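Colleague: When you get a sec, could you give me coordinates for this:
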Amino acid sequence: MPKRFNWQLGRDMEYTYDGPPPARQVAYIFDTNKCIACQTCTVACKTCWTSGKGQEHIFWNNVETKPYGGYPVGWDLKLLEQSDPAQWRDGKLTSLTIFETDGAGKPPRGHRPVPDDYATPNLGEDDVTGLAELGQYFGDTHPMWMFYLARICNHCDHPACVAACPRKAVYKRPEDGIVLVDQERCRGYQECVKACPYKKVFYNIINRASEKCIGCYPRVEQGEVAFCVETCIGKIRMHGFLTTDGEPREDNPLDYIIKVRKLALPLYSQHGTGPNVYYIPPVHVPDGFLEQLFGPGVEASKQLYRNLGSDKKLLGALLLFGASNRILTRFEIQGEEAVGWDVDGQEVARVPFVEPIHHRPHYDDRYDVYRHNTA
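Modeller: A predicted model of the protein is given here:
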């Protein structure tokens, strides 16, 4: 099998498809500390893309509650139970990926959910790890906890769905790295469903073909962010591109947050697919649980997040989350404002570090009236 370098694992790994990297790689950052599970992103995606026949159970975007929630049921636990625990040494994965576990030339290790696994998209919603006892209080790390994990297709660097498809119906776009399914080539073998560690490929029983998140590519081609990003009430999401043709750029907000500062981390990178949805870990959750999800960089990431008040450039990059419906490809700090430019080089976002406050006097000389606070 060909060898490909996986920068998230710090080493070469085996992968069946030996293709060049895209001209630029679409990527997303989700801040789990800000998500309130309002499901606005889910509804926006569902109503736009998966409201047809055979798509009733298909959620390209979902928000689940960890540690007990998951859609489909057990999507991550079933694969973890089949695999040995991830082993890291000095930031390098020493255990095997899903492409290496069963030997050269074998399909990626995976499992295919049963129909009932798709029946409860809100399973475990808002369930915490325990009950508060008399006298307990919340400190830095909470004694009982939960957090919301928003999920879409990861548009991976080394997609398991691409490697597994016997029809070569799943492919990665060379211009932006978005992973798509050719509906005319697909014959519904569901090998992509089985192989995807994140279970973000779905089978439509009506048209008998696989379907998945398309990264809102019609919007991306116009320089606009995905629907789930634009509609996010909590502004927890940033959508853009990672540099693939050279060193990470410090003026690219995604390069800076992900590769330069390493604040946002990939989900289950130990599987080897190179996922391109990156998460800022929740600071109130124990490291032991988070390291299984996000790898060995959790402690450093949480420390960066706690110290954002003294880290102006990193804080400025985070202030641009949700500041525009245009994809930001460049940013900089100008005085007390974070400024962002889109794919066309136009300034589209300018966010102050401190929101301006205007105090109006109780008595207005101009109109000879008094202002009152009313409920």
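Colleague: Quick one: end-to-end distance for stretch 100-110.
Modeller: From its first residue to its last, stretch 100-110 covers 12 Å (CA to CA, to the nearest Å).
Colleague: pretty sure E299 contacts G288?
Modeller: No: counting by CB atoms under 8 Å, E299 does not reach G288; the two are 10.7 Å apart. Where C-beta positions appear, they are placed from N, C-alpha and C, glycine not excepted.
Colleague: Which one's more surrounded, these two?
Modeller: E299 (12 against 8; other CB atoms under 10 Å).
Colleague: surely Y203 meets R187?
Modeller: No: counting by CB under 8 Å, Y203 stays clear of R187, with 11.4 Å between them.
Colleague: Compare neighbour counts for the two and give me the winner.
Modeller: Y203 (22 against 12).
Colleague: Now the more buried one. Nearest residue, chain neighbours left out?
Modeller: Spatially, and ignoring its direct neighbours in sequence, Y203 is nearest to Q190 (5.2 Å; CB to CB, 6 or more residues apart in numbering).
Colleague: The residue most central in space within the chain bridge partners, please.
Modeller: Centroid-nearest residue in the chain, with CA atoms, centre = their mean: V277, separated by 3.0 Å. Under DSSP bridges, the beta-bridge partners of V277 are Y28.
Colleague: ok, it - contacts?
Modeller: Counting by CB atoms under 8 Å, 6 or more residues apart in numbering, V277 touches 27-30, 151-155, 266-267.
Colleague: next one: H284
Modeller: Taking CB under 8 Å, 6+ apart as the test, what H284 contacts is 138, 140-142, 145, 147.
Colleague: Could you measure from the residue nearest to the centre of the chain over to P115?
Modeller: Counting by CB to CB, to the nearest Å, the gap from V277 to P115 is 26 Å.
Colleague: What segments of the stretch 51-200 of the chain are helices?
Modeller: 77-82, 160-164, 191-195 (DSSP state H, counting those that start in this stretch).
Colleague: Make TSV out of those helices and add mean neighbour count and distance to D176.
Modeller: TSV is the format used below for the helices of the stretch 51-200 of the chain (neighbours: other CB atoms under 10 Å; distance: least, CB to CB, whole Å):
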stretch	mean neighbour count	distance to D176
helix 77-82	14	27
helix 160-164	25	15
helix 191-195	24	20
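Colleague: Nearest to G19, out of the ones you listed?
Modeller: helix 160-164 (8.6 Å; CB to CB).
Colleague: State the mean pLDDT of that closest one.
Modeller: With pLDDT averaged residue by residue, helix 160-164 scores 96.
Colleague: returning to that earlier point: output the contacts of H284 in JSON lines, with pLDDT and distance to L318 appended to each entry.
Modeller: Listed next are the contacts of H284 as JSON lines, based on pLDDT from 0 to 100; distance: CB to CB, whole Å:
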{"residue": "F138", "pLDDT": "81", "distance to L318": "23"}
{"residue": "D140", "pLDDT": "83", "distance to L318": "20"}
{"residue": "T141", "pLDDT": "86", "distance to L318": "22"}
{"residue": "H142", "pLDDT": "88", "distance to L318": "22"}
{"residue": "W145", "pLDDT": "95", "distance to L318": "22"}
{"residue": "F147", "pLDDT": "98", "distance to L318": "18"}
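Colleague: Test for you: state the pLDDT assigned to the residue nearest to the centre of the chain.
Modeller: Per the predicted model, pLDDT is 98 at V277.
Colleague: Could you do L134 as well?
Modeller: 85.
Colleague: What is the neighbour count of it?
Modeller: 4.
Colleague: residues touching it, list them.
Modeller: Per CB under 8 Å, 6+ apart, neighbours of L134: none.
Colleague: picking up where we left off before, what sits in contact with each of Y203 and R187?
Modeller: A209.
Colleague: Run through the stretch 101-250 of the chain and note the low-pLDDT ranges.
Modeller: Counting by pLDDT under 70, not a single residue of the stretch 101-250 of the chain qualifies.
Colleague: Nearest residue to H271 in space, please, no chain neighbours.
Modeller: Per CB to CB, 6+ apart, closest to H271 is P197, 4.4 Å.
Colleague: can you tell me how far that neighbour sits from R112?
Modeller: Going from P197 to R112 by CB to CB gives 12 Å.
Colleague: between those two, which one's more packed in?
Modeller: P197 (28 against 15).
Colleague: Quick check: that one touching A160?
Modeller: Yes: in this structure P197 lies within contact range of A160 using CB under 8 Å: 6.3 Å.
Colleague: Need the overlap of contacts for the two.
Modeller: 98, 108, 110, 271, 273.
Colleague: show me what contacts P197?
Modeller: 76, 79, 98, 108, 110, 160, 268, 271, 273.
Colleague: Would you format these as JSON lines with distance to V179 included?
Modeller: As requested, the contacts of P197 are exported to JSON lines (distance: CB to CB, whole Å):
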{"residue": "D76", "distance to V179": "19"}
{"residue": "L79", "distance to V179": "19"}
{"residue": "I98", "distance to V179": "16"}
{"residue": "P108", "distance to V179": "14"}
{"residue": "G110", "distance to V179": "16"}
{"residue": "A160", "distance to V179": "10"}
{"residue": "Y268", "distance to V179": "17"}
{"residue": "H271", "distance to V179": "15"}
{"residue": "T273", "distance to V179": "10"}
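Colleague: Name the member of these that has the highest neighbour count.
Modeller: Going by other CB under 10 Å, T273 tops the contacts of P197 with 31 neighbours.
Colleague: How much space separates the nearest residue to that residue once chain neighbours are set aside from E133?
Modeller: Leaving aside its chain neighbours, T273 sits nearest to C156 (4.0 Å; criterion: CB to CB, 6+ apart). Counting by CB to CB, the gap between C156 and E133 amounts to 42 Å.
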